[in-house]
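>>> no sequence on this one, just coordinates:
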């Protein structure tokens, strides 16, 4: 898409269109892996995601009930880490409304032509203040494949139960130097609601969790205690029960997957978790349960130093040091 | 609140306010019971809800993680059934915008003064085409009680695990004569999205499920096969796991609660369910799991005659006849 | 093994040996299938058992934590049903002690030479009064295969979680004309303890459940309401949780497996169940939970007409008619 | 009971009686608590056990499906720890057979008169080589109480689901200086089978797990790394599912119970666990799942230094130091 065309569309935006423009939900993560073959093995055989397409140096994946073409992209790369997060907007006009806001705020952005990422229409790409690469898009193909089709219309494919078999993509997490500042941008510029946060004794923000939808968070921002800039902390998929979480641990144990932390239960969201490293070194979370948030005037919950520990693990285990310091590179 | 005051506020509504006005989510059900004592016993001791307030002939209840003052009201009454459903709007202005729409569409409505229902601010009450009583409100007190407080800021009260102990209020279900017509009103007038539906061989709509939030449905409309008008079918609370569902069945079996159907799994939503009758005869559902819906352009899923059976129970059990015909009275 | 050799061994049996001779536990079922290919598909891909060996017209299977060479044998046959049940005795001498008892009681029996059934040593084969074919054996190879080996010494093979993935073989069930008479033989002759039973209003025994080990039952005897003789009712494998039971139902639903009854919970044992038909028509149960029995002086629990329904399904669903009448042939 | 009477009975023991005499299963633990009120609160309100009787300074408890009068005794005491373990023998004659063996082996013992411990008949009390106090008994009252009775004959009382609500007593664990020596005595003198063990690099036995029944272990012996003698490590109750284990953790977290380790999964038994401290300082385990052992010729599984870590927690978490060193006093 050429820019003038975009501009033209933009000109048709009414004041109302601008007010109604919004992000709908996080759609996918595109991550870099140093060993595409081993990482693909992990995500398909151990985690139980499904390949929806493959290109040279690229594999598109989704969980069994993800309706979209993909929710994870693996890119063969020199360094493991994040390529970008994709967020879907709530209408085509929203895309152009966001472009207008970006231009007016002097933020650098570029158009990514439809089809560059398989299944995805035109997208605007830009970076958050902390340097997190974001793509906004409206069009995304639905997954459909006669070879894997279920008789159940609510199943975009047959449920097979292979591997950990998460139901759906859930959220992403990045480490940044200044959580409070970054959170404000996500809330003010992109409209992602602030749900809960942890402060330390010195009132420094250690983490903030945000969502546009009713799930507890779609993106988390955690303080990089080394203050070495933005790092990908993890991508997370959702399981249906505590039981499936423990089953996933069993499968990982048999496959020599390094489990970093868990099972535990985040007091903040109430979700049970495990963290593991995929073969290229990116951290992956599986989680289940926890709260949904419905209140339109939700006040972010503060977890202070006295309760923060239970915010991390309600049952009282402490995160390993790596959890607070290790992340993979975020591509400039 | 007097009407003129309301009107005055209404006059300040801009075009934009009207466009942005919306229902936020279903908030509670107010139901009638012929035996308040026994019904209260059921909802607290067996189901494990918690009393947040009591008035003469009225008990206010909530699940342990419901943030609002209440999500269920029991009213001692001559006949069991529905008093009304309460839906929260997404801003104060929305309340008046809906009043304007009601007046302009010639729909009868009345203002229910704040405090008439404990914890709730001013509300507009009106009926759907099929006669379902609806209240819209903006203000609702949050639950807070030092005697039951948890150290965990994410818990509005301590989790005790008593009874079935559902996490939260989930949805309601009514039987109506003409599902398609009623669904269109809920979608067009109140903006509640149509999520999935079942048609029979003659293309008659047997059921429609709708939600404003990301949960699979907040209200369901099912065809009254006797064509005897609108009836309350059930109110539903959400459990965290299949395991908790079976635990609930065990507790019910020990307490001689009549289980009508289940455990089963709705193919439509993917949620596991049980249906039981509380002592005054209203049907109650406990359910768990299933899908969330994130797509802003979700197309309602059609379950046709060939697949409809699996829509009701994916594992193939058929509903008892009572499930398709029995409901409790809806108060005019 | 020739008979004289057996006799010779028998002669060495002391009185004490005879007293100490006992059945140890049920070891396996050998069943007949009309479609070996489809039945093998079901047991491996859907149920998630593992092939330990194949012969012409024969497949040997086991669950992932079954320590023995096999716990199920599928035999290609003209008619589906039972070939025999294998029970392991508690010592080599016990085998000859049972031979002595058989001979002294005038019961027909034959020796099955070691290796006839892969992994199994010499066995004595005979029939119960109702005509159930039983093999007693002492020697059984342990399963071991470097290709599937786990790093965990407690896992005879890697846990993969494929299919329903039961942990272990659990029990068998047959229909007979006269339950009380048959039960007495199993208890008196083979020493299998009587655990619980259901009587109807006329005090006719409808079912008896027996075990030698601490599990609730290893063999069940249910009344054939058609009084048409002994039939195989089902073989059962054990799952680790209610959650895994529902997961199994999901996998079966996707694979068009006919689920006959369940999920439900037997009040008798407290175990949750599902019954399904494998492609050749034999009934298979998956179950989980329930009680163990430790008391050396356990009195069989009686379920009378008033409680019998809850004995079948504690949550109140009634078995389909097929459950009470349908079985597959028992080979003479 | 006077001793001569016992002797007299003993004289009637045949050689066969002696051979057939056996321990049946572990029946209960009698533990000392410094704060009977708070410990009783913990075991009833948090753990969800039920009081079957109270005496001055003594509370008798059982899980909802424990058939016996009690499976745990709390004794108000100066120091927390173990009073004794009660094991039931498999017949009355066995009791006298064990007395004979004790006398012949020169082991000190005493008779505890029936009724001294409520519900229990005459018992012989003695100490293992490491100093663990053991009582053997034959008679034990069944629990029965019309006030708590269930309509289900398989439930010795109604299932209420209150607290963690374990199904049954499971096992005990003690620390001793010399595990190998102690294990041999339990196996050779009491006939408790050796099931699995952990050796360190220097081939020192770090732990041994033993059972007479089919459960993975009824008593565990772990090396006291301080070599300060025998200590009570923990008593354990059994839950029905991983889900119930996590629910128990939630209830403990809300009640400020110190969780020492878990949730985790012992690779050895395959059971999921949590360890917590009751208010008087005794360690308690809740666990679920894992293997049963049926083979009459079971070979104890060795977990060596390379796999031992996974034996402790299959998912890779390491026990806190306290787990390897802390125990409560064993009464001389």
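Everything's here; your move. If you're wondering where the values come from, they're calculated on a predicted model, not measured in any experiment. Numbers count the residues shown, from 1 in each chain, chains lettered A, B, ... in the order given.
>>> who's in contact with the residue of the stretch 51-200 of chain A found nearest chain D?
Residue nearest to chain D within the stretch 51-200 of chain A: residue A:164 (13.4 Å; Cβ to the nearest Cβ). In this view, the C-beta of every residue, glycine as well, is placed from N, C-alpha and C. Applying Cβ atoms under 8 Å, 6 or more residues apart in numbering or on different chains to residue A:164 gives the contacts A:46, A:47, A:48, A:237, A:239, A:244, A:247, A:248, A:251, A:252, A:286.
>>> of these, closest to residue A:134?
Nearest to residue A:134 out of the contacts of residue A:164 is residue A:237 (Cβ to Cβ; 20.3 Å).
>>> excluding chain neighbours, what is closest to the closest one?
residue A:166 (3.6 Å; Cβ to Cβ, 6 or more residues apart in numbering or on different chains).
>>> what about the nearest residue to residue A:224 once chain neighbours are set aside, how many residues close to it?
Setting aside the residues directly before and after it, residue A:224 is nearest to residue A:175 in space (Cβ to Cβ, 6+ apart), at 4.0 Å. The tally of other residues near residue A:175 (other Cβ atoms under 10 Å in any protein chain shown) stands at 27.
>>> again, but for the one 5 residues further on
For residue A:180, the count of nearby residues is 15 (other Cβ under 10 Å).
>>> how far away is it from residue A:107?
Per Cβ to Cβ, to the nearest Å, residue A:180 is found 20 Å from residue A:107.
>>> related to what we said a few turns ago, could you pull up the residues touching the residue nearest to residue A:237?
With contact set as Cβ under 8 Å, 6+ apart, residue A:166 has these partners: A:47, A:48, A:49, A:63, A:64, A:237, A:238, A:239, A:286.
>>> go through those residues and name the one nearest chain C.
In terms of Cβ to the nearest Cβ, no member of these lies closer to chain C than residue A:48, at 8.6 Å.
>>> and what about the residue in the stretch 151-300 of chain A that chain C sits nearest to, helix, strand or coil?
Closest residue of the stretch 151-300 of chain A to chain C, Cβ to the nearest Cβ: residue A:243 (3.4 Å). The three-state assignment at residue A:243 reads helix, by DSSP: H, G, I helix; E, B strand; the rest coil.
>>> now swap in the one 4 residues further on and tell me
Secondary structure for residue A:247, judged by three-state DSSP, is helix.
>>> phi, psi of the residue lying closest to it once chain neighbours are set aside?
With sequence-adjacent residues excluded and distances taken as Cβ to Cβ, 6+ apart, residue A:247 is closest to residue C:161, at 6.0 Å. The phi/psi pair for residue C:161 (degrees, to the nearest 10) reads phi 80, psi 10.
>>> tabulate the contacts of residue A:164 (a markdown table), appending pLDDT, secondary structure and neighbour count.
Below are the contacts of residue A:164 laid out as a markdown table (pLDDT from 0 to 100; DSSP: H, G, I helix; E, B strand; the rest coil; neighbours: other Cβ atoms under 10 Å in any protein chain shown):
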| residue | pLDDT | secondary structure | neighbour count |
| --- | --- | --- | --- |
| A:46 | 98 | helix | 23 |
| A:47 | 98 | coil | 25 |
| A:48 | 98 | coil | 20 |
| A:237 | 98 | strand | 28 |
| A:239 | 97 | strand | 26 |
| A:244 | 96 | helix | 27 |
| A:247 | 96 | helix | 25 |
| A:248 | 98 | helix | 28 |
| A:251 | 97 | helix | 22 |
| A:252 | 97 | helix | 24 |
| A:286 | 98 | strand | 24 |
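>>> got the residues of the stretch 1-150 of chain A near chain C?
Within reach of chain C by Cβ under 8 Å from any Cβ of the partner chain, the stretch 1-150 of chain A has these residues: residue A:150.
>>> my bad, should have said the stretch 201-332 of chain A
A:241, A:242, A:243, A:244, A:247, A:250, A:251, A:253, A:254, A:256.
>>> what is the burial count for the closest residue to residue A:301 other than its chain neighbours?
Counting by Cβ to Cβ, 6+ apart, residue A:196 is the residue found nearest to residue A:301 once chain neighbours are left out, at 4.0 Å. Using other Cβ under 10 Å, residue A:196 has 26 neighbouring residues.
>>> next: residue A:38.
Neighbour count of residue A:38, defined by other Cβ under 10 Å: 13.
>>> for the nearest residue to it once chain neighbours are set aside, give me phi and psi.
Once flanking residues are discounted, residue A:38 sits nearest to residue A:279: 3.8 Å by Cβ to Cβ, 6+ apart. The phi/psi pair for residue A:279 (degrees, to the nearest 10) reads phi -60, psi -20.
>>> what about residue A:279, how many residues nearby?
By other Cβ under 10 Å, the residues close to residue A:279 number 20.
>>> same check on residue A:226?
13.
>>> can you check the one 10 residues further on too?
The criterion is other Cβ under 10 Å. On that basis, residue A:236 has 23 neighbouring residues.
>>> surely it meets residue A:288?
No: applying Cβ atoms under 8 Å, one finds residue A:236 not in contact with residue A:288, separated by 10.3 Å.
>>> returning to that earlier point: ok, which pair from the contacts of residue A:166 is furthest apart?
For the contacts of residue A:166, the farthest-apart pair by Cβ to Cβ is A:64 and A:286; their separation is 13.9 Å.
>>> got the contact list for the residue nearest to residue A:301?
Applying Cβ under 8 Å, 6+ apart to residue A:196 gives the contacts A:208-209, A:216-217, A:268-269, A:300-303, A:311, B:153-154.
>>> just the buried ones out of those, please.
Listed as buried from those are A:208, A:209, A:216, A:217, A:268, A:269, A:301, A:303, A:311, B:153, B:154; burial here means 16 or more other Cβ atoms under 10 Å in any protein chain shown.
>>> now the phi/psi pair for the third one, please.
Recorded main-chain torsions at residue A:216 are phi -60, psi -40, according to degrees, to the nearest 10.
>>> just the second one next, same as before
Per-residue torsions, residue A:209: phi -120, psi 130 (degrees, to the nearest 10).
>>> the residue in the stretch 51-200 of chain A that chain B sits nearest to: neighbour count?
Closest to chain B within the stretch 51-200 of chain A is residue A:90: 4.3 Å, counting by Cβ to the nearest Cβ. Neighbours of residue A:90 under the rule other Cβ under 10 Å: 19.
>>> which other helices and strands contact the lengthiest strand in chain A?
Longest strand in chain A, counting residues (DSSP state E): strand A:23-33. Judged by 3 or more Cβ pairs under 8 Å, 6 or more residues apart in numbering or on different chains; DSSP states H and E, strand A:23-33 is in contact with strand A:72-76, strand A:81-89, strand A:168-176, strand A:231-239, strand A:328-330.
>>> before we move on, back to that, which one of the contacts of residue A:164 is nearest to residue B:85?
Among the contacts of residue A:164, residue A:239 lies closest to residue B:85 (Cβ to Cβ), at 32.0 Å.
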